[in-house]
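**Q** Would you be able to build a 3D model of this:
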Amino acid sequence: MIFNIFSMNKLIFLTIRTGLLLLMISCLATSCQQNYVPKPRGYFRIELPKRAYRDMDSTFPYKFSYPVYCKITPDPYSPNEPYWINVEFPKLNAKLHLSYKKIDHNLAKYLDDTHLMVSKHISKATAIEENPILDPAHHIYGSIFRIQGSEAASVYQFYVTDSIHHFMRGALYFNSVPNNDSLVPVIDFVAKDIDHLIETLRWKK
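**A** Numbers count the residues shown, from 1 in each chain. Sure thing, here's the model as predicted:
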């Protein structure tokens, strides 16, 4: 009889202790869930260069001012187009493709081609914002296209023309898999440099 009472007391003690242990674990788990705050998605900090410009003046039928941290190279894929160039941003892993055409009663075709190139990004874009370029004093007219969307291959495109002799188109690309959410500071930085290029663009006779 004494043995049975001792065994029962031991069983009750173990049961109570196990219950308390489970209760503590449950409370801790609940507390953790209530206090858990998901961390916002982060990206590596990108060092942006100090903004400064220099003139690009050559035998080309156009000239402009471009960043000192860029280099200008001929377009390797268009050897028959001597006025097609790339404005490269080596430290930012970006490249602005500039193509130039002399107008010969074919401005409508160049405009159609430009809008076709922009429309190719519609499937990856969340929005396309078009802003006009109007500089009558220097005979420069056109549009800037800001293409929004994390997977858009080109986020900034533009064209400019004097409507009679000159036509230029530009498209910005990054040499990486598109993830534009992480590149927002760089995109905004480079966009201002391209805006400056357009503002300083001049045709030559």
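
**Q** next helix or strand past the helix or strand bottoming out on mean pLDDT in the chain?
**A** Least confident helix or strand, the chain: helix 2-35 with a mean of 54, by mean pLDDT, DSSP states H and E. Following helix 2-35 in sequence order, the next helix or strand is strand 53-56 (DSSP states H and E).

**Q** Partner strands of that next one, with direction?
**A** Partners of strand 53-56 in the sheet, by DSSP bridges, are strand 62-67 (antiparallel).

**Q** List the contacts of the helix or strand following the strand it pairs with.
**A** Counting by DSSP H and E, the element after strand 62-67 in chain order, helix or strand, is strand 71-74. By C-beta atoms under 8 Å, 6 or more residues apart in numbering, the residues outside strand 71-74 that reach it are 56, 66, 82, 84, 85, 86, 87, 88, 90. All C-beta atoms are positioned from the backbone trio N, CA, C, and that covers glycine.

**Q** and the next helix or strand after strand 71-74, what other elements does it pack with?
**A** Downstream of strand 71-74, the next assigned helix or strand under DSSP H and E is strand 85-89. Under the contact criterion of 3 or more C-beta pairs under 8 Å, 6 or more residues apart in numbering; DSSP states H and E, strand 85-89 touches strand 71-74, strand 94-102, helix 184-200.

**Q** got the buried residues for the longest one?
**A** By neighbour count with 16 or more other C-beta atoms under 10 Å, helix 184-200 contains the buried residues 186, 187, 189, 190, 193, 194, 196, 197, 198.

**Q** Going by distance to residue 160, which of the residues you listed wins?
**A** Nearest to residue 160, judged by C-beta to C-beta, of these is residue 198 at 6.4 Å.

**Q** quick one on the thing from earlier: closest to residue 167 among the contacts of strand 71-74?
**A** residue 84 (12.0 Å).

**Q** residues in contact with that closest one?
**A** 74, 75, 78, 97, 98, 99, 100.

**Q** one more time with 6 Å
**A** 75, 78, 99 (C-beta atoms under 6 Å, 6 or more residues apart in numbering).

**Q** The residue nearest to it when sequence neighbours are not counted: how many residues sit nearby?
**A** Take residue 84 and drop its neighbours on the chain: the residue closest to it by C-beta to C-beta, 6 or more residues apart in numbering is residue 75, 4.0 Å away. If you count neighbours by other C-beta atoms under 10 Å, residue 75 ends up with 15.

**Q** still on that earlier bit, any idea which of the helices and strands packed on strand 85-89 gets closest to residue 108?
**A** When the helices and strands packed on strand 85-89 are compared by C-beta to C-beta, strand 94-102 sits nearest residue 108, at 12.6 Å.
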